[in-house]
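Asks: Sequence plus the predicted model coming up.
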Amino acid sequence: QRIALDIHDDLGQSLIGLKMLASYYRQDSKITDPTVNTFLDEMLVHINNCIEKARNISYDLVPPQLKLLGLNEAIKEMINRFQKNFGLKIRFKSKDIRKLPLDDDEINVYRIVQEALGNIIKHSQATDVVFNINYSDTKLNIDIIDNGKGFDKAQIKKKKSLARGLG
């Protein structure tokens with residue numbers, strides 16, 4: 001939560017200050033050089049992208065809907081965003097996970113689904129995904145099935161740990 005707040009409040013506000021400064025110079029009537037104005041326009045586009053990325057990272061670190069709506073609805077909302085942004089067809093099935101005694105571990109389950117979706121987007125070239133979440137008295141199962149290209153486990157194991165990524 002602290003990292004999300006720092007990104008939102010500190011980095012986000014710094015970027016907004018930078019945007020205001022660039023906007024001021026872009027509107028300054030004394031600057032007539034078209035190259036400088038083009039540079040400022042491009043800089044404003046990049047600053048806006050950085051602000052949006054900071055908001056998204058902050059939001060994804062501590063998704064407010066997790067506390068407001070619960071794990072099941074938060075996952076549904078995340079899946080809807082992935083479908084809209086990446087054109088995936090995602091079917092989500094879950095047993096009523098509101099009854100699970102997850103305490104503060106809900107964020108971990110949310111992150112697992114988030115990481116899986118991110119990996120599907122980055123690596124699998126899938127267009128159709130099924131997420132099944134169910135549980136018994138002793139364990140939580142998250143089954144993910146997609147029509148992606150797959151990967152060779154032996155090749156992954158051969159890579160050094162840093163080359164395998166962080167996920």
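Replies: The structure has been received and is ready for your questions.
Asks: What residues sit buried inside the longest helix belonging to the chain?
Replies: For the chain, the helix with the greatest residue count under DSSP state H is helix 34-61. The neighbour-count check on helix 34-61 (16 or more other Cβ atoms under 10 Å) flags 40, 43-44, 47, 50-51, 54, 58, 61 as buried. To be clear about C-beta, it is placed using only N, CA and C from the backbone, and glycine gets the same treatment.
Asks: buried sites along stretch 89-99?
Replies: Applying a neighbour-count criterion of 16+ other Cβ under 10 Å, the buried positions in stretch 89-99 are 90, 92, 94, 97.
Asks: Let me have those residues in TSV, adding distance to residue 134 as columns.
Replies: Output for those, formatted as TSV (distance: Cβ to Cβ, whole Å):
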residue	distance to residue 134
90	17
92	12
94	7
97	8
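Asks: Pick the one among those closest to residue 122.
Replies: Proximity of those to residue 122 (Cβ to Cβ) peaks at residue 90, which lies at 15.5 Å.
Asks: mind checking the SS state of the closest one?
Replies: Put simply, residue 90 is strand when judged by DSSP: H, G, I helix; E, B strand; the rest coil.
Asks: what residue lies at the spatial centre of this structure?
Replies: For the chain, residue 60 is the residue whose C-alpha lies nearest the centre (Cα atoms, centre = their mean; 5.4 Å).
Asks: so the spatially closest residue to that residue that is not a sequence neighbour is in which element?
Replies: Leaving aside its chain neighbours, residue 60 sits nearest to residue 114 (6.9 Å; criterion: Cβ to Cβ, 6 or more residues apart in numbering). Element membership of residue 114, judged by DSSP states H and E, is helix 106-119.
Asks: helices and strands around that helix, which ones?
Replies: Contacts defined by 3 or more Cβ pairs under 8 Å, 6 or more residues apart in numbering; DSSP states H and E place helix 106-119 against helix 64-69, helix 71-86, strand 128-135, strand 140-146.
Asks: try it again with 7 Å
Replies: If you count contacts as 3 or more Cβ pairs under 7 Å, 6 or more residues apart in numbering; DSSP states H and E, helix 106-119 packs onto helix 64-69, helix 71-86, strand 140-146.
Asks: Using a markdown table, lay out the ones you listed together with mean neighbour count and distance to residue 16.
Replies: Listed next are these as a markdown table, based on neighbours: other Cβ atoms under 10 Å; distance: least, Cβ to Cβ, whole Å:
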| stretch | mean neighbour count | distance to residue 16 |
| --- | --- | --- |
| helix 64-69 | 13 | 20 |
| helix 71-86 | 16 | 24 |
| strand 140-146 | 14 | 38 |
